[in-house]
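S.K.: Have a look at this fold, sequence not included:
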């Protein structure tokens with residue numbers, strides 16, 4: 001079930017989660033949860049854009065890809081080195 005290119009979706013997840021962080025002052029675990037929710041929502045939306053999921057397997061893959069994109073997005077963002085606050 002290849003219905004979208006995963007790399008741009010991860011970039012969208014990062015961007016939306018950053019917007020959510022700044023808009024709603026999210027921190028800690030809330031950011032990771034937001035990343036998963038956004039990843040799942042975009043994954044399901046991308047699936048509906050090309051071919052709506054019809055079977056349990058299709059829905060499961062949508063959720064699985066969404067979780068993966070959310071985890072990847074939060075992992076990429078956490079891995080970016082940032083200067084210390086006192087520098």
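M.R.: Perfect, thanks for sending it. Since the structure is predicted, the reported quantities are computational estimates derived from the model, not experimental observations.
S.K.: Once you drop chain neighbours, what's closest to residue 39?
M.R.: Spatial nearest neighbour of residue 39, chain neighbours left out: residue 70 (2.9 Å); criterion: CB to CB, 6 or more residues apart in numbering. C-beta: built from backbone N, CA, C; applies to glycine.
S.K.: Surely the one you found touches residue 31?
M.R.: No. Using CB atoms under 8 Å, residue 70 makes no contact with residue 31, being 10.6 Å away.
S.K.: Mind checking which of the two has more residues around it?
M.R.: residue 70 (25 against 16; other CB atoms under 10 Å).
S.K.: Quickly find the element holding that one.
M.R.: Element membership for residue 70, per DSSP states H and E: helix 56-79.
S.K.: Can you list the buried residues in that helix?
M.R.: By neighbour count on 16 or more other CB atoms under 10 Å, the buried set for helix 56-79 is 61-62, 65-74, 77.
S.K.: Same check on stretch 17-28?
M.R.: If you call a residue buried by 16+ other CB under 10 Å, then stretch 17-28 has these buried ones: 17, 18, 20, 21, 26.
S.K.: and what of stretch 33-52?
M.R.: Neighbour-count burial for stretch 33-52 [16+ other CB under 10 Å]: 34, 35, 36, 37, 38, 39, 40, 42, 43, 44, 46, 47.
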